[in-house]
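Undergrad: Got a sequence here, can you build the structure:
(one chain, ligands or ions: 1)
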Amino acid sequence: MDAVIGDRRLLPVLDRVRSGERLSFDDGLALYRSSDILAVGYMANLVRERLHGNVTFFNVNRHINPTDVCVASCRLCAFGKKARDPRAYTMSLEQVWETAGRGWSEAVTEFHIVGGLHPELTLDWYCQAFQGLKQRFPKVHLKALTMVEIAFLARRTKISVRETLERLIQAGVDSLPGGGAEIFSEPVRRILCDHKIDGNEWLEVARQAHRLGLKSNCTMLYGHLESDEDRVDHLVRLRELQDQTGGLVTFIPLAFHPDNTPLAHIPSTTGFTDIRNIAVARLMLDNIPHIKAYWVMLTPRIAQIAQRFGADDIDGTVVEERIYHDAGATTSQALRRGELLRLIREAGRDPVERDTLYRPVQRTETTFTVLV
Ligand code: V47
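TA: Reported below is the predicted structural model:
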């Protein structure tokens, strides 16, 4: 079907995609620079269907952000607040546990827990929070703390990243979310978030987590100051990590939302850019099983289309989202399970509810079973 490839410069890439050959840095650039979105999407869809057939995954999850107090002052972020800010909040342990149980009657299979770098919350506090969640919700998977939070807690506690991870695992952490990766390119990262660990440190924390048997996700923040080269570099560095550890489960491209951030002058991303980032990720990340179109960030409409451009997952019910909504996201804070099913079915895909590690889930109104 070479007729689908209007941009003839992409023909060598098509050959490599067909034969399952790894794409190069320059292939990545060619994909980002082509405006032939149908050709790029056609190739991404070939790979997506080779891996997952007609299935699109989703999950029933709940986000919990225990605090928005953050010692970092990242220019990309509208969520973090200084402790003295009257709008800032920090949950007590009881509030964390109570928030976890609040929501819809649909039994969640995952708590996604991330927050600011709080100057006073200790590693012990987080461990107590996780132990308490496991006692109250023993079946629910804890996907908690980004590489950035883990590195921060290790430094504060004056112990190694490895020991920090071991204590978190003991307290009940089952896997790690993909946030905080932003963009690895050093000069851009210095502008976006110079108080955060750098790209190599992010990759190192992930490497250590994978060595301890934890799976994790990974992300890339795009649509700010980064170049095409920065994006390809980011994807290639994730691909190299995955060659070493095999611990990355899902890649989530995150569109920058500029409202209420110091970078509010930057225009929001367009549907074209969002779809292209999904598709290029599917093509470049040949060793990462899943590409997620996170509906909160993309809007349900784009997340739906993305299922035909490389994505095999649209994330979950979420229930309460703060990071994007503080930055001006106008999507709703939650989708019911039935709405996720509709978004997937209307795209002609077969919905499969998964747990965090992509095992199928069977459920009734109020309980679920993970099929192993
Ligand atoms: O780390 C912060 C980003 C991330 C803004 O692992 C912003 O399954 C856009 O990582 N505009 C948090 N993005 C979200 C995240 C995530 C989401 C869904 C699923 C998973 C997963 C992970 O959001 C942050 C940062 O990269 N972010 N501020 C902003 N203004």
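Undergrad: Quick check: chain neighbours aside, which residue is closest to whatever residue of the stretch 151-300 of the chain ends up closest to the ligand?
TA: Of all residues in the stretch 151-300 of the chain, G179 sits closest to the ligand, at 2.6 Å by CB to the nearest ligand atom. Every residue, glycine included, has its C-beta placed from N, CA and C. Excluding its sequence neighbours, the residue lying closest to G179 (CB to CB, 6 or more residues apart in numbering) is T146, at 4.3 Å.
Undergrad: residue contacts, the residue nearest the centre of the chain?
TA: The residue lying closest to the centre of the chain (CA atoms, centre = their mean) is I252, at 4.1 Å. Counting by CB atoms under 8 Å, 6 or more residues apart in numbering, I252 touches G178, N217, C218, T219, I291, K292, Y294, D315.
Undergrad: ok, now V140?
TA: V140 neighbours (CB under 8 Å, 6+ apart): A100, V108, T109, E110, F111, L133.
Undergrad: What is the lowest-pLDDT residue among these?
TA: Among these, V108 carries the lowest pLDDT, at 89.
Undergrad: That one and I266, how far apart?
TA: 34 Å (CB to CB, to the nearest Å).
Undergrad: ok, and what's touching the lowest-mean-pLDDT helix or strand in the chain?
TA: The weakest-scoring helix or strand in the chain, judged by mean pLDDT, DSSP states H and E, is helix 323-326 (a mean of 77). For helix 323-326, contacts defined as CB under 8 Å, 6+ apart pick out N65, D68, C77, A78, F79, V114, H257, N260, V296, M297, T331, Q333.
Undergrad: let's see 6 Å
TA: A78, F79, H257, V296, M297 (CB atoms under 6 Å, 6 or more residues apart in numbering).
Undergrad: okay if I get those as a markdown table plus neighbour count?
TA: Output for these, formatted as a markdown table (neighbours: other CB atoms under 10 Å):
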| residue | neighbour count |
| --- | --- |
| A78 | 23 |
| F79 | 20 |
| H257 | 26 |
| V296 | 23 |
| M297 | 25 |
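Undergrad: Let's see which of these end up in helices.
TA: Among those, the members found in helices (DSSP state H) are V296, M297.
Undergrad: Looking at the contacts of helix 323-326, spot the one nearest D350.
TA: Nearest to D350 among the contacts of helix 323-326: V296, at 22.7 Å, using CB to CB.
Undergrad: which intervals of the stretch 151-300 of the chain have sub-threshold pLDDT?
TA: Within the stretch 151-300 of the chain, no stretch has pLDDT under 70.
Undergrad: in it, which spans are helices?
TA: 161-171, 186-193, 199-211, 228-245, 271-284, 295-298, 300-306 (DSSP state H, counting those that start in this stretch).
Undergrad: Establish whether the third one and the ligand are in contact.
TA: So the one you mean is helix 199-211. No: Helix 199-211 lies out of reach of the ligand by CB under 6 Å from any ligand atom, never closer than 10.3 Å.
Undergrad: what helices or strands is that helix leaning on?
TA: helix 147-157, helix 161-171, helix 228-245 (3 or more CB pairs under 6 Å, 6 or more residues apart in numbering; DSSP states H and E).
Undergrad: how close does N65 get to V361?
TA: On the measure of CB to CB, N65 and V361 end up 24 Å apart.
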